[in-house]
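Visitor: what follows is a predicted protein model with its sequence.
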Amino acid sequence: MVGRSAQAKQKLLAAHRAGITTVLIPERNEPDLDDVPEEVLGQLTVHAVSDVRRVLELALEPACPVPAADGDASRSVRV
């Protein structure tokens, strides 16, 4: 059986191989980051979250603002 720490490492390595650059992990798993190679961690943005509201904030955050035709910069799109 694979331990929790090994599972976190495997999942982060798989995300990195798949080209994913931003990951969210449970805050309680933050110590498991010590097992992930530095060269991989250096290419990932890891958010340790403890509340689903924070997950939603991060997931729904606009990737980049796009000005509207009338100059209103309040719209945004994800690319």
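Guide: It's in.

Visitor: other residues contacting stretch 32-47?
Guide: Judged by C-beta atoms under 8 Å, 6 or more residues apart in numbering, the contacts made with stretch 32-47 from elsewhere in the structure are 4-6, 8-9, 12-13, 15-16, 20-25, 54, 58. In this view, the C-beta of every residue, glycine as well, is placed from N, C-alpha and C.

Visitor: and the spatially most central residue of the chain, what does it touch?
Guide: To find the centre residue of the chain, average its C-alpha atoms and take the closest one (C-alpha atoms, centre = their mean): that gives residue 23, at 2.2 Å. Neighbouring residues of residue 23 by C-beta under 8 Å, 6+ apart: 12, 15, 44-47.

Visitor: ok, and the most crowded of these?
Guide: By neighbour count, taken as other C-beta atoms under 10 Å, the most surrounded of the contacts of residue 23 turns out to be residue 12 (23 neighbours).

Visitor: could you find the closest non-adjacent residue to that one?
Guide: Leaving out its chain neighbours, the residue that sits closest to residue 12 by C-beta to C-beta, 6 or more residues apart in numbering is residue 36, at 5.1 Å.

Visitor: what's the burial count for that neighbour?
Guide: Counted with other C-beta under 10 Å, residues neighbouring residue 36 total 19.

Visitor: state the distance from it to residue 57.
Guide: Separation of residue 36 from residue 57 (C-beta to C-beta, to the nearest Å): 24 Å.

Visitor: ditto for residue 29
Guide: Taking C-beta to C-beta as the criterion, residue 29 is separated from residue 57 by 19 Å.

Visitor: rewinding a little: for the residue nearest to the centre of the chain, give the beta-bridge partners.
Guide: Taking DSSP bridges, one finds residue 46 as the beta-bridge partners of residue 23.

Visitor: near residue 8, how many other residues are there?
Guide: 19.
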